[in-house]
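> one predicted model, sequence on top.
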Amino acid sequence: MSRTLIPAALLVGGLALALAPSGGAQQADREVQALRREVEALRQEKNRLQDENIALARRFDLERKRAMDERDGLLQKIARLEAGGEGGAPLDRLRVTLSFDDTPVDDALSFLRDVTNIPIEGDGLEGLAVSLRLRDLSPRAALSLLATNARDAKGGWVELRWREVDDRVEVRRP
């Protein structure tokens, strides 16, 4: 070979080696691609976790709002009952003194309703009377005694039932 051909062949061979990816360069290129895929997978996982976190935060906020609304409603109801407002006074808080001598049960309940401001409704109590003398009892105790001491027109004992329904009291025959 001639002297000029050898450097040209070396130059072409060097260029071919430089232009052709080597085994190490190919390996590095594959590693870069794998790292890019891994970074993209991690980004997607991060986005998914952030979406889950947002959904959980929304659910938590809704549950917290529901619980706070329920608590506020209960506190308002307690305040109304303690003040003797809309729902009347609590059955255990007030004290009443009653004196009934052969008084119709409807009239006794009406008197108790007026004195306590508790909505009391009677149903099917016609022809029943009660005789009681009570001093310094709660309306709850007075209702229980009234319900167990009612008599019909013949003088026979008639047991009544009473119950609290929403913000009122219902008195009925069983």
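Thanks, I have the structure now. Small disclaimer: the values here were computed from a predicted structure and weren't measured.

> can you show me the helices along this protein?
5-19, 23-83, 105-116, 139-148 (DSSP state H).

> could you tell me the least trusted of those helices?
For those, mean pLDDT drops lowest on helix 5-19, to a mean of 55.

> domain-wise, how is the protein divided?
What the record gives for the chain is the domain set 1-83, 96-172, from automatic domain parsing.

> may I see those domains arranged in CSV, with mean neighbour count as well?
In this view, the C-beta of every residue, glycine as well, is placed from N, C-alpha and C. What follows is the domains of the chain, written out as CSV (neighbours: other Cβ atoms under 10 Å):
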stretch, mean neighbour count
domain 1-83, 10
domain 96-172, 16
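
> looking at strand pairing, list the partners for the residue nearest to Leu145 when sequence neighbours are not counted.
Of all residues not flanking Leu145 in the chain, Leu132 sits nearest, at 6.1 Å (Cβ to Cβ, 6 or more residues apart in numbering). Beta-bridge pairing for Leu132 (DSSP bridges): Phe100.

> quick one: Leu132 and Asp102, what's the gap?
Leu132 sits 10 Å away from Asp102, going by Cβ to Cβ, to the nearest Å.

> quick one: the residue nearest the centre of the chain from Ala57, how far?
Nearest residue to the geometric centre of the chain (Cα atoms, centre = their mean): Ala67, 4.3 Å. Separation of Ala67 from Ala57 (Cβ to Cβ) stands at 16 Å.

> just Leu42 next, same as before
Taking Cβ to Cβ, one finds Leu42 at 22 Å from Ala57.
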